[in-house]
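S.K.: Compute the structure for the input listed below.
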Amino acid sequence: MGTYNLSRGIEASIIDYITERLVAGGWTGINVEKSFRRVYDQPLPCICVRCGVTEHEKVEIGANSTTRTPQLLIDIFAENDGQRLDLKDFLIDELKGGMTYYTYVISGGSVQSKTEDGRITVLTISDDPLNFDIDKNVLEVHDRYRHLLTFGISLGKVEL
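M.R.: Down below sits the predicted model:
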């Protein structure tokens, strides 16, 4: 058995949280994926969660300890502009307060268990509708009503 590394743990924790909050919020039929490529094989609406650029800052001079500030990217693939706006506002409201970080134990590619191991804190939020500057009818259906949310997050942990 193994465990997810920190980046995969962040993605999995956020996917679990978004999935839970969508159900609690009455949203149905929304796929939450971690693979951008898999989104195009799914019916709309769909949400893709992934870690982007991560900054590692030294904790103190002369030491190898760092703190990590990952960039969390959430792509929303909606059926129309209204749904796009509703989903992005819902996700911002649900995520801005942070969420639990879990350590995942895996075996044979499947999650066997998860254990609470801290908190993901949201530091910044960027809210960007994607505009490809061409007629939406020319775009692939998944790209017509896309929105990108970018979060700066922190686990508040020192990595040795």
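S.K.: and Ile15, what does it touch?
M.R.: 32-34, 49 (CB atoms under 8 Å, 6 or more residues apart in numbering). Backbone N, C-alpha and C define where each C-beta goes, glycine included.
S.K.: at 7 Å what do you get?
M.R.: 32, 34, 49 (CB atoms under 7 Å, 6 or more residues apart in numbering).
S.K.: That one looks like it's in a helix, true?
M.R.: Yes: the assignment for Ile15 is a helix, going by DSSP: H, G, I helix; E, B strand; the rest coil.
S.K.: related to what we said a few turns ago, filter the contacts of Ile15 to the buried ones?
M.R.: By neighbour count, with 16 or more other CB atoms under 10 Å, those hold 32, 49 as buried.
S.K.: Go through the contacts of Ile15 and name the one nearest Ser126.
M.R.: Val49 (15.3 Å; CB to CB).
S.K.: helix or strand right after whatever helix or strand that closest one lives in?
M.R.: Secondary structure assigned from DSSP states H and E places Val49 in strand 46-58. Next in sequence after strand 46-58, counting helices and strands by DSSP H and E, comes strand 66-77.
S.K.: Now tell me which of the contacts of Ile15 the prediction trusts least.
M.R.: Of all those, Lys34 carries the smallest pLDDT score, 92.
S.K.: give me the number of residues near the nearest residue to that residue once chain neighbours are set aside?
M.R.: Leaving aside its sequence neighbours, Lys34 sits nearest to Glu11 (CB to CB, 6 or more residues apart in numbering; 5.1 Å). Look at Glu11: counted by other CB atoms under 10 Å, it has 17 neighbours.
S.K.: could I have the host helix or strand of Glu11 exported to CSV, CA atoms only?
M.R.: Take DSSP H and E as the rule and Glu11 turns out to sit in helix 6-24. C-alpha atoms of helix 6-24 as CSV (Å, rounded to 0.1, in the frame of the first residue of the first chain):
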residue,chain,number,x,y,z
LEU,A,6,1.0,16.1,-1.4
SER,A,7,-0.2,17.4,-4.8
ARG,A,8,-2.4,14.4,-5.5
GLY,A,9,-3.7,14.6,-1.9
ILE,A,10,-4.7,18.2,-2.5
GLU,A,11,-6.5,17.4,-5.7
ALA,A,12,-8.3,14.4,-4.2
SER,A,13,-9.3,16.4,-1.1
ILE,A,14,-10.7,19.2,-3.2
ILE,A,15,-12.5,16.8,-5.6
ASP,A,16,-14.1,15.0,-2.6
TYR,A,17,-15.1,18.4,-1.0
ILE,A,18,-16.6,19.8,-4.3
THR,A,19,-18.5,16.5,-4.9
GLU,A,20,-19.9,16.6,-1.4
ARG,A,21,-20.9,20.3,-1.6
LEU,A,22,-22.6,19.9,-5.0
VAL,A,23,-24.8,17.1,-3.6
ALA,A,24,-25.6,19.1,-0.5
